[in-house]
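**Q** After the sequence you'll find the predicted model.
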Amino acid sequence: MTEPTAVLLMAYGTPYQESDIRGYYTNIRHGQEPPKPLMDQLVGRYKAIGLPSPLARITTAQRDGLQAALDKAHPGAYKVYEGLKYITPFIQDAVDQIAADGITRVIGLPLAPQYSSYSSEDYHNRARKAIEAHPGMEYLPVRSWWNHQELIHFWSDQLVAKKDLTDRPDTKVIFSAHSLPLRIIQGGDPYKDEVIGLSNAVAQAAGLNEDQYVLAWQSAGRTQEPWIGPDFVKVAKDLITESGMKTIVSASIGFIADNLEICYDVDMELAKAIEYAGGTLTRLNMPNDSPALIATLQQVVEETKAE
Ligand code: FEC
């Protein structure tokens, strides 16, 4: 039998319990301990949604779902591993396990649909560094996969199902993705263009015209420098108080799972701001481990292996 190919699914990771938050946040801050006010804010956000965030369970379910789909289509050909950026099991742990399992061909698949030098390439760099310890391993990086039809239709099907609502003149769809520091985009990073590409593709598949949707940015970090805007909370508030909108339909297309940025930033922060301004929020479901997401990941793996 030929040697299986490893699929290294790489995700952000989330603290499993309160005592993990400091180390996790320190890792996100490149080894710098967070000052107390920032730490208190983050603990407060995690406590508000309840620890652990659903992300831990969902990343594992995505791994298991992809393994099952690949086993069905190509028995014995792939072994799927989970490696996280900021908490155990780290990307390096997964690479060491792949080596221990005697596998030498690795597809690196970041669970972030749009490419960014800041996020996707950082996943790949961590994987490449871990692989250096295992001579003879081949690494096949997946760049981005936002333009897969299954993913686009996962979002547009939900909008089509809400056509009665989205067609009303006082409803606006807000597509959103994680903001990034502006300097990264100004340096030529394609992230913003890929997010624009996905929002337009979803809108087109859902039959929305340009007046029915807007793209905004969410969850900017707590740093001094400017981040990509406009922020979705401000956009939503202005739409209600200045443009007469009553309903905001939120589609966080830049993410694929329920996580802190969805359960807190959308379901609590955005919802509260909209309610305070006098409007109502309807939030689309996230892909999580849905058949559409698993089918997308399966296609991405098959295309990468075939290249
Ligand atoms: O626990 C959870 O459920 C949430 C996990 C989580 C995901 C996530 C996704 C992305 N982030 C991206 C960029 C940045 C940049 C900074 C930054 C900071 C944080 C902090 C937490 C956090 N992120 Fe995150 N992000 C998640 C969690 N993120 C916690 C620290 C507190 C805060 O600032 O809110 C700024 C720090 C830095 O300079 O590195 C930039 C991007 C994504 C989407 C792609 C991906 O998932 O990899 C981009 C999930």
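**A** Sure thing, it's come through. Bear in mind the structure is a predicted one, so any value in this text is a computation, not a measurement.
**Q** nearest residue to the residue in the stretch 101-250 of the chain that the ligand sits nearest to other than its sequence neighbours?
**A** Residue of the stretch 101-250 of the chain nearest the ligand, by Cβ to the nearest ligand atom: G221 (3.1 Å). In short, each C-beta sits where N, CA and C put it, glycine included. Closest residue to G221 apart from its sequence neighbours, by Cβ to Cβ, 6 or more residues apart in numbering: W227 at 6.8 Å.
**Q** Likewise for Y264?
**A** Spatial nearest neighbour of Y264, excluding adjacent residues (Cβ to Cβ, 6+ apart): R45 at 4.8 Å.
**Q** what comes up buried for the helix or strand that contains the one you found?
**A** In the assignment (DSSP states H and E), R45 maps to helix 36-49. Residues L42, V43, R45, Y46, I49 are the ones in helix 36-49 that count as buried (16 or more other Cβ atoms under 10 Å).
**Q** and those near the ligand, which?
**A** With the criterion set as Cβ under 6 Å from any ligand atom, the members of those near the ligand are L42.
**Q** May I see the buried residues of helix 36-49 organised as TSV, with pLDDT and distance to E303 added?
**A** TSV is the format used below for those (pLDDT from 0 to 100; distance: Cβ to Cβ, whole Å):
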residue	pLDDT	distance to E303
L42	96	37
V43	98	41
R45	97	37
Y46	98	36
I49	97	35
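**Q** Can you name the residues that contact A56?
**A** Contact analysis of A56 by Cβ atoms under 8 Å, 6 or more residues apart in numbering lists G13, T14, Y16.
**Q** Name the helix or strand for it, please.
**A** Going by DSSP H and E, A56 is part of helix 55-73.
**Q** Which residues does the helix or strand following that helix contact?
**A** For helix 55-73, the succeeding helix or strand toward the C-terminus, using DSSP H and E, is strand 78-84. For strand 78-84, contacts defined as Cβ under 8 Å, 6+ apart pick out 4-13, 59-60, 63-64, 66-67, 70-71, 89-95, 97-98, 101, 103, 126-127, 301.
**Q** mind listing the helices for the stretch 151-300 of the chain?
**A** Ranges of helices within the stretch 151-300 of the chain are 163-166, 182-186, 191-206, 232-241, 260-263, 271-277, 291-306, based on DSSP state H, counting those that start in this stretch.
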